[in-house]
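A.B. asks: Predicted model and sequence below, questions to follow.
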Amino acid sequence: MIKKIFLIGNPNVGKSVVFSRLTGVQVISSNYPGTTVEISKGYLKIGEEKIEVIDLPGTYSLEPSSKAEEVAVNLLKEQPKNEVAVINTIDSTNLERNLYLTLQLIEQGYLLIACLNMCDDTEHRGISIDTVKLEARLGVPVISTCAVTGVGIKLLIGRILEAKTGLQPRATPDHQERWKEIGEIIEDVQKLSHRHHTFREMLEDASIRPFSGILLGAAVIYASFKIVRFFGESLINNIFDPVFYKFYQPVVEKLSAVLGGGGFIHHLLIGDLIAGKIDFKQSLGLLTTAPYIEFVMVLPYVVSFYFVLSLLEDIGYLPRLAILLDNILHRLGLHGYAIIPVLLGFGCNVPGILATRVLESKRERFIAATIISIGVPCVPLQAMIFGLLGKFSGFYVAGVYLVLFALIIILGAVLNRVMQGYSPEFLMEIPPYRFPPLAVLAKKLYFRIKWFLIEAVPIVMLGVLLINILVYFRLFDFLTAIFAPVIKGLFGLPREAVVALAIGFLRKDVAVGMLMPLALSAKQLFIAVTVLAISFPCIATFAVMFKELGFKDLVKSTLIMIFVSLIVGTLLNFAIIR
Amino acid sequence: MKKLNLIQMKAGRKAKVVEIRGGQALQNRLMGMGIYLGKDITKLSQFVLRGPIAIKAGRTVVALGHSMAAKVIVEVE
C-alpha cells in the first residue's frame, strides 16, 4: 500500500517542476544544481485517495556530500520501503549520468518509477531514447515528460501506482560495476546523431574560459545592475508614484480631515502633518508613510530585481559566475558556489542564508551566513538607499557598495584565518543554457512578489504602528538616552536616529524610512544606511540564522556584527571630512 | 601513453581517467557525477592562480577546484 510519493533525482533535472505539476504547489525552480534546499510537501489525488508527495533536494548518489543531500537521503531511508513510491526524475539529455542513482535505488529495492524529464530537449541535441527498451532493462515503468510544458504528466500520474522494484544486478555492485552496467544499458537504448556546434554551445564554452568568461561576466553583471535600476526607476516614475498620488492621496486626505487633523488615532494612521499637509515621506503614519515605503519605493525594485535574477537563474548563468569567482571566494574560506547564496541574499537575506545549506561544511555555512547578513543588503534596503541617498549623489550610493564589498573581503579573509578547519574544494556541475518559456518566468516572478508581500507588509504595518505608539507615549526617550552617546559621539548622527537604527531590527526599509524626516546631511545619511546594512539583520533573517547555525554560532555572528558596525560607523564618521 | 593530473593536462585535449587519489568521500562524489575510471573526458578550461578547472565527461560539464583536480589522474595518448 503506497502512502507517500518521493521525488528523487540528480540536481537540476526538474524535480521541483514535476512536483509543482503533480501537486499544484508552486515552488521555486531554476537552472542550477541546488535550487531546492528545503523539503516541500503537497498532495496528489489518485482515484479517491490523496497521497502525500514530497520534493527532495537533488543528489547524485545515495552517499550524500552536503547537508541538503543528507536531508534528502536520510528522509528516504526512514521510510518503510513498501509504503513509498519513488519517482526518479531523470534528465533525458544526460541519461547516462542520471542512471547511476537509478541503479542505486533499484539495488536498495525501492518501488520505483522513472520519469525521463526534459524530453523536448533531446531531439535538437541529437539524442533518441528507446523508453520501451529502457523499461525492460530496468524493470520499472519509464515515462517521458516535459514538466515545464506539462507533457507526459497525466501519463506519469496514471502509472504512479505501477511503481515496482526493478531488476536486481547480478553481482554486488561497486562504482565501477554500476558504470559498466550503465554503459551496456546506454549502448542498448540510446542513439546519438552527430550535431554541429551550435551558437548556444559556443556561448556555453566561452563563458567558462578565463578571458572570454571574465569579459562576459563583467558584461552580465553590469547589464543586470543597469536593468534593475532602469526598470525599477521606470516603474516608480511611470506607474507606482502617479497611481499612489492620484488615487490614494485623496482618500487619506479625506480621512485626515474626518479625524480632525490631530489626536491619537490621527497620529497612528496618518501621522504628523507637515506644513498642514500629508507628506508621504515624513508623516510616518500607518496609512501614509508605511504603504508609500513598501509599495512606491520598495516594491518596484523587488519586481525588477527578481525579474533579472529569475532570468539569470533560468538561463543557467549563475554556475558560470561561480567558476569565475571560485578563486577569490577560496581566499575567503568559501568556494565558487557561495556566490549563489550571496546573489539570492541581495534579494532577501532569508533565502540567501537558506541556500547556504548546499555548502559542504559547517564552517563554510557560518562564514557565508555571516558575510551575507553583514555585507549583502537586501533589495528593500537597497531600494531605500537609491531613493534617499541617490538624491544627493551616485557617488555616495557607490560608496555604500564599496564599503560593503570591502567588508566582505576583509571579513571573509579574517574568518578564514582564525577559524579552525579548511575550506572544501569547489565541485559543481555546469548546466547547459536553457531558455525558459515566458509564462514560466512570469509565474516565478509572481510567486516571489507574492511571497515578498506576505512577508513584508504585515511586519511593516506592525512596525510603524509600534513606532507610533512608542513615540506617542514618549517611550523611545529611554532608548535614545542610552544610545545617544554612541550614535552622536561615534557616528555623528542626531539622537533621533537611535529610533531608526533600532527599527532596523524589525525591517531595514522602514528603518531607512524613519530617517527621512530627520533632514540628515549626505554624510550622515551615508553613515546611517551603511551602519544599518551592517548591524543586526532584520528579525526574519535572525530567525533563519538561528535555525541554520544554532544558538552558539548565532551569538558569535551577532557579536561580529556589533563590533564591525561600531568600527565602520566610527571610521566613516571621522574619515570623511565635510 | 602519459599519465598526468587534470592540472598538467592541456585545455582542449581528451584523456581517460585512470585514477582518483584522495579519500572515499571524494571518490564517491566524483563517481556519482560520472567521473569514473575508464571514462573519457575533455578538459575545457583552467583558471590561473590556482583557479578551478572545467572538464566535460559525457554530457556533463563539471568544474573542479584546483586541489581536487590535482587528485584526478588521466592518461593521454
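C.D. replies: Great, that's in hand.

A.B. asks: Check which element follows the longest helix belonging to chain A along the chain.
C.D. replies: Counting by DSSP state H, the longest helix found in chain A is helix A:438-472. Where DSSP states H and E defines the elements, the next helix or strand beyond helix A:438-472 is helix A:476-484.

A.B. asks: between the helix or strand bottoming out on mean pLDDT in chain A and helix A:438-472, how big is the angle?
C.D. replies: When each helix and strand of chain A is scored by mean pLDDT, DSSP states H and E, helix A:476-484 comes last, with a mean of 84. Here the directions of helix A:476-484 and helix A:438-472 differ by 100 degrees (axes from the mean of the first three to the mean of the last three C-alpha atoms, to 10 degrees).

A.B. asks: Distance check, A:Ala575 against A:Thr530.
C.D. replies: 12 Å (C-beta to C-beta, to the nearest Å). The way it works is simple: take the backbone N, C-alpha and C, and place the C-beta from them, glycine included.

A.B. asks: Correction: the previous question concerned A:Leu493.
C.D. replies: A:Leu493 is 11 Å from A:Thr530, where distance means C-beta to C-beta.

A.B. asks: so how far is stretch A:183-198 from its chain's centroid?
C.D. replies: Per C-alpha atoms, centre = their mean, to the nearest Å, the displacement of stretch A:183-198 from the mean C-alpha position of its chain is 36 Å.

A.B. asks: Which positions in that stretch come out as buried?
C.D. replies: Residues of stretch A:183-198 classed as buried by neighbour count (16 or more other C-beta atoms under 10 Å in any protein chain shown): A:185-186, A:189-190.

A.B. asks: What is the subsequent helix or strand relative to the worst-scoring helix or strand of chain B on mean pLDDT?
C.D. replies: One helix or strand of chain B scores below all others by mean pLDDT, DSSP H and E: helix B:24-32, with a mean of 89. Per DSSP H and E, the first helix or strand lying C-terminal to helix B:24-32 is strand B:40-46.

A.B. asks: before we move on, the earlier item: redo the buried residues of stretch A:183-198 as a markdown table? Include pLDDT, distance to A:Leu75 and secondary structure.
C.D. replies: A markdown table is the format used below for the buried residues of stretch A:183-198 (pLDDT from 0 to 100; distance: C-beta to C-beta, whole Å; DSSP: H, G, I helix; E, B strand; the rest coil):
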| residue | pLDDT | distance to A:Leu75 | secondary structure |
| --- | --- | --- | --- |
| A:Ile185 | 94 | 28 | helix |
| A:Ile186 | 94 | 30 | helix |
| A:Val189 | 94 | 30 | helix |
| A:Gln190 | 93 | 31 | strand |
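
A.B. asks: Output the below-cut-off pLDDT ranges for chain B.
C.D. replies: Applying pLDDT under 70 to chain B flags no residue at all.

A.B. asks: got the residues of it near chain A?
C.D. replies: Within chain B, the positions near chain A by C-beta under 8 Å from any C-beta of the partner chain are B:25, B:27-34, B:36-39, B:44-52, B:54, B:57-68.

A.B. asks: dump the residue contacts of A:Pro300.
C.D. replies: Applying C-beta atoms under 8 Å, 6 or more residues apart in numbering or on different chains to A:Pro300 gives the contacts A:232-233, A:235-236, A:239-240, A:383.

A.B. asks: Among those residues, name the ones in helices.
C.D. replies: Per DSSP H, the contacts of A:Pro300 map to helices at A:232-233, A:235, A:383.

A.B. asks: In this structure A:Gly24 contacts A:Gly42, no?
C.D. replies: Yes: using C-beta atoms under 8 Å, A:Gly24 is in contact with A:Gly42, at 7.0 Å.

A.B. asks: who has more neighbours, the two?
C.D. replies: Looking at A:Gly24 and A:Gly42 with other C-beta atoms under 10 Å in any protein chain shown, you find the greater number of neighbours at A:Gly42, namely 18 against 10.

A.B. asks: Next, the contact list for the residue located most distally from the centre of chain B, please.
C.D. replies: Ranked by distance from the centre of chain B (C-alpha atoms, centre = their mean), the top residue is B:Leu49, with 17.8 Å. Residues near B:Leu49 by C-beta under 8 Å, 6+ apart: A:Asn327.

A.B. asks: Relative to A:Pro424, how far out is it?
C.D. replies: B:Leu49 is 19 Å from A:Pro424, by C-beta to C-beta.

A.B. asks: Kindly report the same for A:Leu343.
C.D. replies: 20 Å.

A.B. asks: ok, back up a step: which residues sit against the least confident helix or strand of chain B?
C.D. replies: A:60-61, A:63, A:65, A:100-101, A:175, A:179, A:427, B:20, B:36, B:68, B:71-72.

A.B. asks: Equivalent analysis for stretch A:473-489, please.
C.D. replies: A:469-470, A:493-499, A:501-502, A:566.

A.B. asks: Could you rerun that using 10 Å?
C.D. replies: Residues from elsewhere that reach stretch A:473-489, judged by C-beta atoms under 10 Å, 6 or more residues apart in numbering or on different chains: A:264, A:467, A:469-471, A:493-503, A:527-528, A:531, A:566, A:569-570, A:573.

A.B. asks: Helices - which of those residues land there?
C.D. replies: Cross-referencing the contacts of stretch A:473-489 against helices under DSSP H gives A:264, A:467, A:469-471, A:497-503, A:527-528, A:531, A:566, A:569-570, A:573.

A.B. asks: of the residues you listed, list those near chain B.
C.D. replies: Applying C-beta under 10 Å from any C-beta of the partner chain, the subset of the ones in helices among the contacts of stretch A:473-489 adjacent to chain B is empty.

A.B. asks: Great, nothing more from me.
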